[in-house]
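Colleague: Have a look at this fold, sequence not included:
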């Protein structure tokens, strides 16, 4: 029972780290990165469809994303989807593909994005702490029900805290990598 609580908590903490990676991947860092298009939806034959399911996304140059539709007739729909999304880059349509030129970031904008990265990382830490709290509550309930002794409870709480510390370090490392990517050109 106690092992299951710790395993579940560890798994949820890993998921919080992965969610943070996905969230930070959508933040534009002045370089072409296909993940900034992850949330772009395109109306394709009357259905909202993720962009990566209707087109291939390549990076021919460091600051350029090239979107080539699988079906040429969907080019205008893809362009409309990008314009309606929160990407903030105007697409350039050449008739067979769409190019997104990622603009150079100003120092001020880099600092704003770095703050956004820190805020997103803080949300990740809160998620990890919530998992820790749930695990601790479950362990205390088990102790109250007589499932384990005071010493066992203390050891189990230590294990949960170690998992939490490991996850928080992981969140910090992910955020530091993204911040470094944002601040360097």
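Modeller: Structure received. This structure is a prediction, so every number in the text was calculated from the model and none was measured.

Colleague: where exactly do the strands run in this structure?
Modeller: Using DSSP state E, the strands of the chain run over 41-44, 47-50, 55-61, 64-69, 92-93, 98-101.

Colleague: okay, those strands in CSV with mean neighbour count, mean pLDDT and distance to residue 6 next?
Modeller: Placement of C-beta: from N, CA and C, glycine included. Below are these laid out as CSV (neighbours: other Cβ atoms under 10 Å; pLDDT from 0 to 100; distance: least, Cβ to Cβ, whole Å):
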stretch, mean neighbour count, mean pLDDT, distance to residue 6
strand 41-44, 19, 86, 39
strand 47-50, 12, 87, 36
strand 55-61, 15, 87, 40
strand 64-69, 20, 88, 42
strand 92-93, 13, 86, 52
strand 98-101, 18, 86, 45
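
Colleague: Which among these is found nearest to residue 81?
Modeller: Nearest of the strands of the chain to residue 81, taken as Cβ to Cβ: strand 41-44 at 3.8 Å.

Colleague: Give me the contact list for the closest one.
Modeller: Contacts to strand 41-44, defined as Cβ atoms under 8 Å, 6 or more residues apart in numbering, come from residues 48-51, 53-55, 74, 77-78, 80-81, 85.

Colleague: Can you give the strand pairings for it, parallel or anti for each?
Modeller: Here strand 41-44 is paired, per DSSP bridges, with strand 47-50 (antiparallel).
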